[in-house]
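> would you be able to build a 3D model of this:
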Amino acid sequence: MEFSSLAGPTTGRSLVLFAEGAAKPGMAAVQAAVGPSIAGGDGGGTEVFPTLGVAVVDAPPEQVMHAAGSDAIIAV
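Okay, the predicted model is just below:
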């Protein structure tokens, strides 16, 4: 999986697309790559939408990409 820089300002957040029904293991992989702080009660700015299979992670794509090796994650 490749990451290409986008021109212009960003929010510093990343979208993570999970395989169908794999939001829970996908978030576990993201937490392993980014750190457990994204999973706290406040979510640290991270929102998970398990029905959609998507998460908005409050971490830069370069950091979240370390979770991309998980079968539960389709794209970052």
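> and the residue at minimal distance from the centre of the chain, what does it touch?
Note on the chain: the residue nearest the mean C-alpha position is residue 16, at 4.0 Å, using CA atoms, centre = their mean. Listed by CB atoms under 8 Å, 6 or more residues apart in numbering, the contact set of residue 16 reads 26, 30, 54-57, 64, 67, 73, 75-76. Every C-beta, even on glycine, is put in place using the N, C-alpha and C of the backbone.
> next secondary structure element downstream of the helix or strand where residue 31 lies?
If you go by DSSP states H and E, residue 31 is part of helix 23-34. Reading on from helix 23-34 to the C-terminus, the next helix or strand found by DSSP H and E is strand 47-49.
> partner strands of that following strand, with direction?
According to DSSP bridges, strand 47-49 forms sheet pairs with strand 54-57 (antiparallel).
> pull the CA atoms of the partner strand into CSV?
Output of strand 54-57 as CSV, limited to C-alpha atoms (Å, rounded to 0.1, in the frame of the first residue of the first chain):
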residue,chain,number,x,y,z
VAL,A,54,-14.6,3.2,8.6
ALA,A,55,-12.7,5.0,11.3
VAL,A,56,-11.5,8.6,11.4
VAL,A,57,-8.2,8.4,13.4
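> so what touches it?
With CB under 8 Å, 6+ apart, strand 54-57 has contacts from 13-18, 23, 26-27, 30, 34, 38, 46-49, 64.
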